[in-house]
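Participant: just coords:
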């Protein structure tokens, strides 16, 4: 293993040591190669989003599951769970209205179609917001606001 010298007493210490074995002072560490930035809330967020988080943000959205990428990255934060609940409610509402529309008359089918289109547009915007939250930590960062 590589060894370094303690900056305080000059003793040889192993590269991965946290403290000097002679003077017991903390050894300064080299900055890590992975860049990390700190959000406004003071939470560290890695510079690169894992591929699994991106897949969880995109693929399950086709069946009404939003926010899984955020839950994967930060399981203790509630934002991902709120996206999951909202996505399921919007998706299931659209599907149930579609089922009702199939068994209704012409006038009610037209009105239900308008409601389905509105719910679908809201769902798509929520899916895009969930994706941007996973990628950038905030949809506003993407917009530059």
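Facilitator: Here it is on my side, so go on. Quantities reported herein were computed from a predicted structural model and do not represent experimental measurements.

Participant: For the closest residue in space to residue 68 that isn't next to it in sequence, which residues are in contact?
Facilitator: Using CB to CB, 6 or more residues apart in numbering and skipping the chain neighbours, the partner closest in space to residue 68 is residue 56 (4.0 Å). For every residue, glycine as well, the C-beta is placed using N, CA and C. Residues near residue 56 by CB atoms under 8 Å, 6 or more residues apart in numbering: 68, 69, 71, 72, 134.

Participant: And residue 68, by the same measure?
Facilitator: Residues in contact with residue 68 (CB under 8 Å, 6+ apart) are 56, 57, 60, 80, 84.

Participant: so when I look at the residue nearest to residue 68, I'm seeing a helix, right?
Facilitator: Yes. Secondary structure assignment places residue 56 in a helix (DSSP: H, G, I helix; E, B strand; the rest coil).

Participant: Number of residues surrounding residue 113?
Facilitator: 13 (other CB atoms under 10 Å).

Participant: try residue 116
Facilitator: Neighbours around residue 116, by other CB under 10 Å: 18.

Participant: So what does it have for phi and psi?
Facilitator: phi -60, psi -40 (degrees, to the nearest 10).

Participant: Tell me the pLDDT of it.
Facilitator: Note for residue 116: predicted pLDDT of 93.

Participant: thought it was touching residue 91?
Facilitator: No. Counting by CB atoms under 8 Å, residue 116 stays clear of residue 91, with 11.4 Å between them.

Participant: Need the pLDDT of residue 93.
Facilitator: Predicted confidence (pLDDT) for residue 93: 92.

Participant: hang on, it packs against residue 119?
Facilitator: Yes. Counting by CB under 8 Å, residue 93 sits close enough to residue 119 to count as a contact (5.6 Å).
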